[in-house]
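Student: What follows is a predicted structure for the sequence shown.
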Amino acid sequence: MKNGTNKIAVIFEVTPTAEGKARYFELGAMLKDYLQKMPGFISVERFESVSTPGKFLSLSFWESEEAASGWRNQMNHRASQKEGHDKLFKNYRISVGHIVREYTDSQRAEAPADSNAAIIND
């Protein structure tokens, strides 16, 4: 597995207005093709909060901060950001972070030693 330390996560938490929810999803669908063609794009998922219905989280992964910045400044995305800010959202929060480590159930090179010791039977 590629070392996760260069990877960037962008966490977009948003609560659209009742009137803005459908348009928010429409804009997301319209942007999908642009997003998938962006250099450095890895993946994106959207989830609805189980504790706060109507609140959504979009989690995207990028190969670098420059790649994430490229998406932030993509002109169709910028227009959607403006519309969301001005008309569609009650509130939102964006968090950007570097991935410290990354491992799976079968690729555990970056897993902490104590985690490996607790679950792997030699």
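Tutor: Yes, it's here. Numbering: from 1, shown residues only.

Student: Can you get me a residue count around V50?
Tutor: 7 (other Cβ atoms under 10 Å). To be clear about C-beta, it is placed using only N, CA and C from the backbone, and glycine gets the same treatment.

Student: so what secondary structure elements neighbour whatever helix or strand M30 lives in?
Tutor: Here M30 sits within helix 21-36, counting by DSSP states H and E. Contacts defined by 3 or more Cβ pairs under 8 Å, 6 or more residues apart in numbering; DSSP states H and E place helix 21-36 against strand 8-16, strand 41-48, strand 56-62, helix 75-83.

Student: Tell me which other helices or strands the second one touches.
Tutor: Based on contacts counted as 3+ Cβ pairs under 8 Å, 6+ apart, the elements that strand 41-48 packs against are helix 21-36, strand 56-62.

Student: now swap in the third one and tell me
Tutor: Counting contacts by 3+ Cβ pairs under 8 Å, 6+ apart, strand 56-62 packs against strand 8-16, helix 21-36, strand 41-48, helix 65-72.

Student: tell me which strands and helices the last one is in contact with?
Tutor: Pointing back at helix 65-72 there. So helix 65-72, by 3+ Cβ pairs under 8 Å, 6+ apart, packs with strand 8-16, strand 56-62.

Student: ok, and what's touching that helix?
Tutor: I8, V10, L35, M38, P39, G40, F41, S60, W62, H77, R78, V96 (Cβ atoms under 8 Å, 6 or more residues apart in numbering).

Student: Adding distance to G84, mean pLDDT and mean neighbour count as columns, could you present the helices and strands packed on strand 41-48 in a markdown table?
Tutor: Formatted as a markdown table, the helices and strands packed on strand 41-48 follow (distance: least, Cβ to Cβ, whole Å; pLDDT from 0 to 100; neighbours: other Cβ atoms under 10 Å):
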| stretch | distance to G84 | mean pLDDT | mean neighbour count |
| --- | --- | --- | --- |
| helix 21-36 | 6 | 96 | 14 |
| strand 56-62 | 11 | 98 | 18 |
